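Chemist: sequence first, then the predicted structure:
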Amino acid sequence: MNFIVPSAADFQVDESTLAAQTRTSTALTLLTALKAAGVKFVRYAALDASNSTRAKAVPIDRLLADPEQFYDGGLSIAEVCFAGLPSFADHLVEASNLSSARVLTVRPDVSSLRILPYNPSSAVVLGTLHDQRTGSPSPLCTRHLLRRVLQTAETDYSLSFTVGAELEFCLFEYDSDERKYVPVDYSVYGNSHTLDAQSAFVDELHEQLEKQSIPVEQIHAESAPGQVEVVLGKQDDVMRMADNVVLARATVAAVARERGLRAIFLPKVFADQAGKGLHVHMSFRDLSPQARVEDKFNAFRRTSVLGQMSHKGSSFLEGILDHLPALLSLTLPSVNSFRRVGPGCWTGHKVGWAVEDKESPLRVYMKAGTDEPSNVELKLSDSTANIYLELASILSAGLDGIARKLTLRPKVGPDDADSGVPLPKTLEKSLECLKKDDVLMGVMGKELSTGFIALKEAEVAAASKMTLEDEVAFALKRA
C-alpha cells in the first residue's frame, strides 16, 4: 500500500457551512434563554422616515422550531411604509415614488435585543432593512445610513464619535372634573416638587431603563408644566446611543400609561412656555496612529492651548453651521417643531454658536471645573426626528466641515442680537434649503431624500389646518 501524504484540501472545512451552523447554534441558545426568562414573543422593529416604529411580533416557539428564522423570518413589510406614508395616517404619498409592490425584511442586530420590562413576555430587537428578494440593504434604511456614516468617519477621517442625548417630555393626568388631560404640575425648571410628586414614576422609569442597560446621568424638572428631562449617558458606540433613544422613548410612554398618565414628546405644547427638545451632545476621538494620547479620548478640544477647540473641532462646528438651515428639516421635522424656535425659547433662532449659552443653537459645552471644551450641543433637535437619520445628517455636515477645513466663524454673544443669519422659520422653508444642499441630499440618496421630502410636504399641508390645541389633542390620543 502506498503512503499518501494528505493535502491541505483534505483538512479544509466549508466556511459557509460552519458559519451557518454557528449562526443557528447562537440563535438556538439565545431563543432558549429568552423562553426560559418568560418571553413569548420577539418583536422585530425598525424606524420609518417619519420616526414611527414599525414592528411585528413573532411567537418564540415558531422561532425555536427553526432557529435560522431568527435572522431572516422577522418583520416583513411593504417598502412604502418606510418612506411613503406620513406620520398622521397610512395614506400613500404619491410623490414619494414608492408603492406596495416591493417588500423589505428586518435583519436583527442582536446587540439591540432587550426584554421589555413593561411587557416582560416580549423582547424587542432593532435591525436594518433589506430587500426581500436580493438581500441588499435598502436605501430607505436610516439605521444602515447611520452605520455607513460612522464607517466613513473611521475609514476616511480616522475619527470615532461620542454622543449623548437629553430626552424631554410632558406628563399629563386625567382630570375627571374638567374631563380632559392636564399637566401633572405647574412647576418650573429644576424644581424639586416634580421629583417629589412624581417620585413613583421616576423610580419606575429609572428601574426599567436600567433593566435595558440604558444608563441615565440625571433626571429633573424642565421649564414647562409637567415637563421632565432624562439625560441619557454618553456612548462611544453611536448606534447604541441611537437605539437607547428609541427604547427609552418607548419606555417613558409605557411607564406613564402603567400609572394612568400620558407622556407626550410634542415639541411645543403651551404657546407661552418653553418647548421640548432632544438635545444632542457630540465629540470625537482621533483613531490615527500618530494621535496624541489625549486626542484618543477627546480630539474636540485643543490640547496645546487651554480653552480652545482643536482645528478639527472648529471645522466640525462650522460644517454644522454651514448646513444648519437645511439640517433643521431633519432635526426639527414637524410643523410643531418650529413653534418652539424663536427668541427667548432656549433654542436660538439664528445661525451661530456660543460657549455655554443656552440661547445659542450650537452650544460649546465646557468640562466641569475647567476651561476645556468638552463637546458641542445641538439644541435645535426634538423627538419628532428619526434619530438615525438625524445623527447621520449632523455628523455628515460636521465631517464636511473637516474635509473642507472650514474656518469657524466668530461666536455670537448676548450683545450680538442683531448679528447672524436668521434660521428658516418654518419646516417648509427648511425643506427648500434641504433640496439645495448637495451634501445632505447626497448622504440621504435619491430614494430616501425623495420619500422624506414628499412625506414632510404632505405633513405641512395637513398641519396647516391644525391649531396648537389640535396638535396637542392628537398627540395625547397617540400617547
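Modeler: Cool, the structure landed.
Chemist: could you pull up the mean pLDDT of stretch 196-210?
Modeler: Averaging pLDDT along stretch 196-210 gives 96.
Chemist: tell me the buried residues in stretch 433-445?
Modeler: Neighbour-count burial for stretch 433-445 flags 433-434, 437, 439-441, 443-444 (criterion: 16 or more other C-beta atoms under 10 Å). Quick note: C-beta positions are derived from backbone N, CA and C, even for glycine.
Chemist: before we move on, what about stretch 290-298?
Modeler: When neighbours are counted by 16+ other C-beta under 10 Å, the buried residues of stretch 290-298 are found to be 295, 298.
Chemist: just stretch 442-461 next, same as before
Modeler: For stretch 442-461, using 16+ other C-beta under 10 Å, the buried residues are 443-444, 447-460.
Chemist: now, the residues you listed that are in helices?
Modeler: 443-444, 447-460 (DSSP state H).
Chemist: among those, which one sits closest to Lys35?
Modeler: Leu448 (37.0 Å; C-beta to C-beta).
Chemist: ok, the closest one - contacts?
Modeler: Neighbouring residues of Leu448 by C-beta atoms under 8 Å, 6 or more residues apart in numbering: 49, 83, 139-140, 142, 145, 389.
Chemist: swap the cut-off to 7 Å and go again
Modeler: 49, 83, 139-140 (C-beta atoms under 7 Å, 6 or more residues apart in numbering).
Chemist: please apply the same query to Val110.
Modeler: The contact partners of Val110, by C-beta under 7 Å, 6+ apart, come to Val125.
Chemist: look up phi and psi at it.
Modeler: With angles defined as degrees, to the nearest 10, Val110 sits at phi -60, psi -30.
Chemist: just Pro137 next, same as before
Modeler: Per-residue torsions, Pro137: phi -60, psi 140 (degrees, to the nearest 10).
Chemist: where's it relative to Lys436, distance?
Modeler: Distance of Pro137 to Lys436, given as C-beta to C-beta, to the nearest Å: 27 Å.
Chemist: look up how far Val269 lies from the nearest residue to Phe88 once chain neighbours are set aside.
Modeler: In this structure, Phe88 finds its nearest non-sequential neighbour in Ala462, 5.5 Å apart by C-beta to C-beta, 6 or more residues apart in numbering. For Ala462, the distance to Val269 (C-beta to C-beta) stands at 19 Å.
Chemist: comparing these two, which shows the higher neighbour count?
Modeler: Higher neighbour count among Ala462 and Val269: Val269, with 28 against 15, using other C-beta atoms under 10 Å.
Chemist: circling back: which of the contacts of Leu448 sit farthest apart?
Modeler: Ala49 and Pro139 (11.3 Å).
Chemist: that older thread, nearest to Gly164 among the buried residues of stretch 442-461?
Modeler: Nearest to Gly164 out of these is Val443 (C-beta to C-beta; 22.2 Å).
Chemist: hmm, that closest one is touching Ser393, no?
Modeler: Yes - at 6.5 Å, Val443 and Ser393 qualify as touching, with contact defined as C-beta atoms under 7 Å.
Chemist: the stretch 351-479 of the chain: strands as residue ranges?
Modeler: For the stretch 351-479 of the chain, applying DSSP state E, counting those that start in this stretch gives strands covering 353-355, 362-366, 373-378, 421-422.
Chemist: out of the ones you listed, deepest packed?
Modeler: Across the strands of the stretch 351-479 of the chain, averaging neighbours per residue (mean count of other C-beta atoms under 10 Å) puts strand 373-378 on top, at a mean of 22.
Chemist: what comes into contact with that one?
Modeler: By C-beta under 7 Å, 6+ apart, strand 373-378 touches 279-283, 300-301, 309, 313, 317, 331, 362-367, 394.
Chemist: just the buried residues of those residues.
Modeler: Buried members of the contacts of strand 373-378, counted by 16+ other C-beta under 10 Å: 279-283, 300-301, 309, 313, 317, 331, 362-366, 394.
Chemist: out of the buried residues of stretch 433-445, who's nearest Lys40?
Modeler: Met444 (37.9 Å).
Chemist: which ones are touching that closest one?
Modeler: Applying C-beta under 7 Å, 6+ apart, one finds that Met444 lies in contact with Phe452.
Chemist: and what of Val460?
Modeler: Contacts for Val460 (C-beta under 7 Å, 6+ apart) come out as 335, 427-428.
Chemist: give me the low-pLDDT residue ranges for the stretch 301-450 of the chain?
Modeler: For the stretch 301-450 of the chain, applying pLDDT under 70 flags the ranges 303-307, 344-346, 369, 414-419.
Chemist: does the nearest residue to Leu455 once chain neighbours are set aside count as helix, strand or coil?
Modeler: Among residues not flanking Leu455 along the chain, Pro86 sits closest, at 5.1 Å (C-beta to C-beta, 6+ apart). Following DSSP: H, G, I helix; E, B strand; the rest coil, the label given to Pro86 is coil.
Chemist: what number of residues lie near Pro86?
Modeler: By the measure other C-beta under 10 Å, the count of residues near Pro86 is 23.
Chemist: what do you get for the one 10 residues further on?
Modeler: Residues contacting Ser96 under the criterion other C-beta under 10 Å number 24.
Chemist: ok, now the one 10 residues further on?
Modeler: The number of residues packed near Val106 is 26, by other C-beta under 10 Å.
Chemist: that one and Leu30: what is the separation?
Modeler: Remark: distance between Val106 and Leu30 (C-beta to C-beta) = 16 Å.
Chemist: if we can go back for a sec, now, which of the buried residues of stretch 433-445 lie within helices?
Modeler: 433-434, 439-441, 443-444.
Chemist: just flag the most distant two among those.
Modeler: The distance between the two most remote of those (C-beta to C-beta) is 14.8 Å, for Cys433 and Val443.
Chemist: how near is the residue nearest to Tyr189 when sequence neighbours are not counted to Gly275?
Modeler: Sequence neighbours aside, Ser223 is the residue nearest to Tyr189 in space, at 4.0 Å (criterion: C-beta to C-beta, 6+ apart). For Ser223, the distance to Gly275 equals 9 Å [C-beta to C-beta].
Chemist: what residues does Asp243 make contact with?
Modeler: Contacts of Asp243 were listed using C-beta under 7 Å, 6+ apart, and they are 112, 126.
Chemist: my guess is the residue nearest to Leu455 meets Ala49, correct?
Modeler: No - judged on C-beta under 7 Å, Pro86 makes no contact with Ala49 at a distance of 9.5 Å.
Chemist: need the residues touching each of these two.
Modeler: Joint contacts of Pro86 and Ala49 (C-beta under 7 Å, 6+ apart) are Leu455.
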